[in-house]
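[1] give me the fold of what follows.
(one chain, ligands or ions: 1)
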Amino acid sequence: MTSGGDAPGMNAAIRSVVRACAFHGVECVGIYRGYQGMIEGDFQVMGPRSVHNIINKGGTVLKSARSKEFRTPEGRQKAYDALKKENVDALVLIGGDGTFTGGLIFNQEYGFPVMGIPGTIDNDIFGTNFTLGYDTALNTVVEAIDKIRDTASSHDRLFFIEVMGRDAGHIALNAGVGAGAEEILIPEENLGLDRLLESLERSKRTGKSSSIVVVAEGDKIGKNVFELKDYVEQYHPDYDVRVSVLGHMQRGGSPSCFDRVLASRMGVKAVESLLEGKSNYMVGVRDARMILTPLDEAVKGQSEINQELLRVSNIMTI
Ligand code: F6P
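    This is a model prediction of the structure:
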């Protein structure tokens, strides 16, 4: 099942789970539309051939949803009944925090074995260096910023570019460094408006005629990109400022090779861990090795921002 915000690489993970099941002689059932489809019994038996030609596709062929009904005990009872009717005896959940929280509650209430695969472009899950879709999203964002830089530089403009990440600045920080942004605003650190102005003034003084500021959706300053534009224009009416919100294009597109390989590894690890009798874990990758993290730790833990990269980004703004 895939649930929550979709991410490139989810299809590659579905393919891997289905084929790992077939390899080990286990019947695999796809659940459509996340927990909502589980409640409604929207199931489809899947074999190795039902997942051909999807490794390269963005989105999720199983579709995704954020189910309100599953948050109620009545909804979870319906889901349990539907799973029992279909003879399902373990779940592989591909998604983020919300998906795993749902899985944990379901396990506590019904003892259903669950295994999580982290799929979200935000890379904000504790217990893995990388979540599925993050690498692809980074490349999408860098490509978009490169294009904006072309026009920013032709017109000597300052651009505020909003990238996804309500609670996490991983996309903003990594794509910002990769695209050579002049400043990066993230939820984990408060750069402060004064420092932003200072930095922009220094850029101008030292000969930069255009600038790119990458802003994570949930940045700590608490102003959205349009408010930031107004703020800068108030102090520097001479600046030609524009805003670009990249939005959901960051969640789409064909997954990168990195995400496809990671998804293939995670799917196999998830199925084989369940077959070994393990439950309530999330598969992840650390130092290039596949690992398991207890699902409650994955949900409760914080994915730390890379302080060394933050320092590098500060040095690069000189
Ligand atoms: O969690 C993934 C994510 O894309 C976030 O970066 C973003 O804040 C959120 O989902 C958007 O959610 P929705 O597609 O429901 O608007």
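
[2] neighbours around residue 166, how many?
    Residue 166 has 11 neighbours, counted by other C-beta atoms under 10 Å. Using the backbone N, CA and C atoms, a C-beta is placed for each residue, glycine as well.

[3] and it, which of the three is it?
    Secondary structure for residue 166, judged by DSSP: H, G, I helix; E, B strand; the rest coil, is coil.

[4] tell me which residues touch it, please.
    122, 187, 217-218 (C-beta atoms under 8 Å, 6 or more residues apart in numbering).

[5] overlap between the residues you listed and the residues near the ligand?
    122, 217 (C-beta under 6 Å from any ligand atom).

[6] among the contacts of residue 166, name the ones in helices.
    Judged by DSSP state H, the contacts of residue 166 include no members of helices.

[7] which of the contacts of residue 166 tops the neighbour count?
    Neighbour max across these (other C-beta under 10 Å) = residue 122, 25 neighbours.

[8] who touches residue 179 in this structure?
    141-142, 145-146, 149, 212, 214.

[9] next one: residue 236 from the ligand, what distance?
    Per C-beta to the nearest ligand atom, to the nearest Å, residue 236 is found 30 Å from the ligand.

[10] does that residue really touch residue 196, like I thought?
    No: assessed by C-beta atoms under 8 Å, residue 236 is found out of contact with residue 196, at 11.2 Å.

[11] the more surrounded of these two?
    With neighbours defined as other C-beta under 10 Å, residue 236 and residue 196 compare such that residue 196 has more, 20 against 15.

[12] Three-state assignment for that one, please.
    With three-state DSSP as the basis, residue 196 sits in helix.

[13] how about the residues of the stretch 101-250 of the chain that lie near the ligand?
    The stretch 101-250 of the chain comes close to the ligand at residues 120-122, 164-166, 217, as judged by C-beta under 6 Å from any ligand atom.

[14] try 5 Å this time
    Residues of the stretch 101-250 of the chain lying near the ligand by C-beta under 5 Å from any ligand atom: 120, 122, 164, 166.

[15] dump the residue contacts of the third one.
    Meaning residue 164. By C-beta under 8 Å, 6+ apart, the residues touching residue 164 are 121-122, 137, 171, 216-217, 246-247, 250-251.

[16] which residue ranges of the stretch 201-318 of the chain form strands?
    Using DSSP state E, counting those that start in this stretch, the strands of the stretch 201-318 of the chain run over residues 211-216, 241-245, 281-286, 289-294.
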